[in-house]
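Q: Got a sequence here, can you model it:
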Amino acid sequence: MARQDRLSTLVDYVVERGSVHVDDIVADLGVSPATVRRDLDALAAQQLIIRTRGGATANHTSGEVPLRYRTARQPREKEAIARAAAAMVRPGEIVGFNGGTTTTAAAHELGVRIAGEPEFAGHYITVVTNAVNIANDLTIREQARVVVTGGVARTRSYELVGPLAELILPSITIETLFLGVNAVDFDGGFYTHTEDEASINAALVRAARRTVVLADSSKLGGTAFARICGLADVQTLITDAGASDSALAQLDAAGVQVIVV
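A: Residues are numbered from 1 along each chain as shown. Okay, here's the model as predicted:
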């Protein structure tokens with residue numbers, strides 16, 4: 001396992017359990033004690049965990065795992081989902097992105113597409129986002145007109161949140177919103193980890209004529225803390241081939257079109 005993948009897995013392991021011992025990590029993750037200690041020291045230096053004698057505990061002041069550590073998870077699946085999302089956009093369209101690893105990948109793919117494909121020559125798209133990293137990536141594309149919500153930037157996800165982030169959205173229309181989520185509950189709907197992100201994401205959904213959720217198969221059937229919207233509020237979901245037949249059937253029964261890539 002590559003070091004970045006291992007660090008991402010390890011920080012999740014500590015956060016989920018709250019407190020761990022080196023021996024437990026060695027047994028569960030199959031890495032050497034020396035490697036575990038070095039990795040724990042590296043994560044502690046970045047204040048993602050707290051090093052203890054013989055192990056580590058979660059650093060509850062750091063919030064959820066930062067975006068840079070989540071990018072390593074299921075990279076091939078996320079890239080396929082991102083390409084499928086970018087392929088849906090047409091010249092002149094108004095699209096939206098919230099923050100997250102898969103939406104960031106989709107925005108990047110869209111930027112490459114509008115810069116290189118002849119059908120976008122002489123046209124531009126409008127992109128509405130509350131993610132400062134996505135805005136930064138697309139602002140350099142002359143074919144993109146980027147509209148950024150206000151708000152307070154979260155250091156973990158780069159999303160702008162809070163009351164200021166939602167002020168502009170009732171005044172605009174988004175034709176297609178690409179929505180990243182942390183969990184898809186087949187009864188409750190779509191969820192994220194924090195209430196402030198859920199609030200701005202819900203406002204984006206209300207501003208959109210069509211919402212397309214981008215979620216790799218690991219998120220299907222899961223749950224998280226804060227609800228964004230219900231299944232009925234989403235028209236399409238793009239996922240990967242790891243999705244189970246049961247998950248696909250439940251989404252279909254709820255009226256959600258599923259695209260498997």
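Q: where exactly do the strands run in the stretch 1-150 of the chain?
A: 19-21, 49-52, 55-58, 94-97, 125-129, 144-148 (DSSP state E, counting those that start in this stretch).
Q: Give the pairing partners of the fifth one; include direction for each.
A: Read it as strand 125-129. Sheet partners assigned to strand 125-129 using DSSP bridges are listed as strand 94-97 (parallel), strand 144-148 (parallel).
Q: Throw those into CSV and include mean pLDDT and mean neighbour count, thanks.
A: Placement of C-beta: from N, CA and C, glycine included. Putting those into CSV (pLDDT from 0 to 100; neighbours: other Cβ atoms under 10 Å) gives the following:
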stretch, mean pLDDT, mean neighbour count
strand 94-97, 98, 26
strand 144-148, 97, 17
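Q: Is it possible to get a markdown table of the ones you listed that adds distance to residue 209?
A: Shown next, in a markdown table, are these (distance: least, Cβ to Cβ, whole Å):
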| stretch | distance to residue 209 |
| --- | --- |
| strand 94-97 | 9 |
| strand 144-148 | 16 |
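Q: Going along the chain from the strand or helix carrying residue 238, find the next helix or strand for me.
A: Take DSSP states H and E as the rule and residue 238 turns out to sit in strand 236-239. Next helix or strand after strand 236-239 toward the C-terminus (DSSP H and E): helix 245-253.
Q: what does that next one contact?
A: 184, 186, 217, 220-221, 231, 237, 258, 260 (Cβ atoms under 8 Å, 6 or more residues apart in numbering).
Q: cool, and stretch 118-129?
A: So stretch 118-129 is contacted by 89, 91-99, 107, 110, 113-114, 134-135, 138, 142-149, 172, 174, 204, 207 (Cβ under 8 Å, 6+ apart).
Q: send the alpha carbons of that stretch over as CSV?
A: Extracted in CSV, the C-alpha atoms of stretch 118-129 (Å, rounded to 0.1, in the frame of the first residue of the first chain):
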residue,chain,number,x,y,z
PRO,A,118,-14.6,22.6,-30.0
GLU,A,119,-18.3,22.8,-29.0
PHE,A,120,-17.3,25.1,-26.1
ALA,A,121,-15.4,27.5,-28.3
GLY,A,122,-17.1,30.9,-28.2
HIS,A,123,-19.4,29.8,-25.4
TYR,A,124,-19.0,29.8,-21.7
ILE,A,125,-20.7,28.0,-18.8
THR,A,126,-21.6,29.5,-15.5
VAL,A,127,-20.4,27.6,-12.4
VAL,A,128,-21.8,28.3,-9.0
THR,A,129,-19.9,26.8,-6.1
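Q: Buried residues of it, list them for me.
A: 120, 125-129 (16 or more other Cβ atoms under 10 Å).
Q: With respect to pLDDT, which of those ranks lowest?
A: Note: of the buried residues of stretch 118-129, the lowest pLDDT belongs to residue 120, at 93.
Q: how about the closest residue in space to it that isn't next to it in sequence, what does it touch?
A: Nearest residue to residue 120 in three dimensions, chain neighbours excluded: residue 114, at 4.4 Å (Cβ to Cβ, 6 or more residues apart in numbering). Residue 114 makes contacts with 89, 120, 124-125, 141, 143-144, as judged by Cβ under 8 Å, 6+ apart.
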